[in-house]
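Undergrad: show me the folded form of this:
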Amino acid sequence: MTQTPANDYVFFLSRSSYRHTRLLAWLLITASLVTALASAILAARLWPMYSHTFTPYLKWQDALFASLLYIALILLGGSLIVVRFLYALRAGYHQGMFVLEGGSTLTVRDLSPKNLSSIYWAVGTALSCFIAALVGLVPEILLGWTLHLPHPVLVVLCTTAAIALSLAGLAVTLVAASFIVIGWIGGISFCRKMGAPQTYRLSGETTLRIDGFVLTIIHPEQQESLFDLNLLDAEDRRRLLFLLRERWLDAERPWNPRLGEEIEAALEEADHFTMLVY
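TA: Okay, here's the model as predicted:
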């Protein structure tokens, strides 16, 4: 923690938290890139193994080829977001992740390792939507099988059933595809906000809550922020809690009437944890 001449307090990401989160992020990036490369190589090897002439039905090879390319693409996108998080993590370590400017402005960065889980949860959701879109196209793949049945009656009956199913499946595919497009568009904003600093005016509209070692900051006109106090050194964590209580009392308790009790509970938990460590 540093205090500037302007009476600003800057708290930095602890070295242990920085190293642990950075290592985890690089492991995820490496695993993602290796998997993406393997998917791209498999897609490249699959491409020359079948004919690419036009057919009135969907070939299963085309579905598999598209799946492999999409897996590679979505993992590359996830890796880019993790790189963005690493940039924010470095900024929080060198420039500060919690800045209290006087008693009126608060700037925080959410650098919790849980952000990495959020990234790959989004990746998994995007992949699930793609699989749902493919499932809707399964009847289109079955048409390639029904058209080659040995008996004409079976061809007519099975092809008619496949066409009927394909119409219903098309609705599933369109809905899933719309979610994919929305997800990719939202991913741009998600990437920009990952670990980015959020600035709040400490007014009567701002709400601060502490649950365990997680500080929640809520303002009606801004995005909610979660700040994990465990990312600070033990001494900085105590100083921040005392500082918040002091500012809360000076401001006549506008942010949350129970904030004092929540800070006391966090301080007791911090003292208990320190006794266990030593």
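Undergrad: assumed residue 52 was part of a strand.
TA: No. Under DSSP: H, G, I helix; E, B strand; the rest coil, residue 52 falls outside any strand and is assigned coil.
Undergrad: low pLDDT regions in the protein?
TA: By pLDDT under 70, the weakly predicted segments of the chain are 1, 3-6, 103, 143-149, 151, 153-156, 158-159, 162, 251-255, 270-278.
Undergrad: hey, where'd the strands end up in it?
TA: Using DSSP state E, the strands assigned to the chain run over residues 2-3, 8-11, 98-101, 105-108, 198-201, 207-211, 214-218, 225-228.
Undergrad: out of those, which gets nearest to residue 55?
TA: Nearest to residue 55 among the strands of the chain is strand 225-228; the distance by Cβ to Cβ comes to 51.4 Å. Using the backbone N, CA and C atoms, a C-beta is placed for each residue, glycine as well.
Undergrad: please name the strands paired to the closest one in the sheet, noting orientation.
TA: Strand 225-228 has the following sheet partners, assigned by DSSP bridges: strand 214-218 (antiparallel).
Undergrad: doesn't residue 198 make contact with residue 222?
TA: Yes. Using Cβ atoms under 8 Å, residue 222 is in contact with residue 198, at 6.7 Å.
Undergrad: now render the strands of the chain as TSV, adding distance to residue 170 and mean neighbour count.
TA: As requested, the strands of the chain are exported to TSV (distance: least, Cβ to Cβ, whole Å; neighbours: other Cβ atoms under 10 Å):
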stretch	distance to residue 170	mean neighbour count
strand 2-3	60	11
strand 8-11	54	18
strand 98-101	51	20
strand 105-108	46	19
strand 198-201	42	16
strand 207-211	46	17
strand 214-218	43	18
strand 225-228	41	19
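Undergrad: let me see the contact set for the residue lying closest to residue 217 once chain neighbours are set aside.
TA: If the residues on either side of it in the chain are set aside, residue 217 comes closest to residue 225, at 4.5 Å by Cβ to Cβ, 6 or more residues apart in numbering. Shown in contact with residue 225 (Cβ atoms under 8 Å, 6 or more residues apart in numbering): 108, 110, 198, 200, 216, 217.
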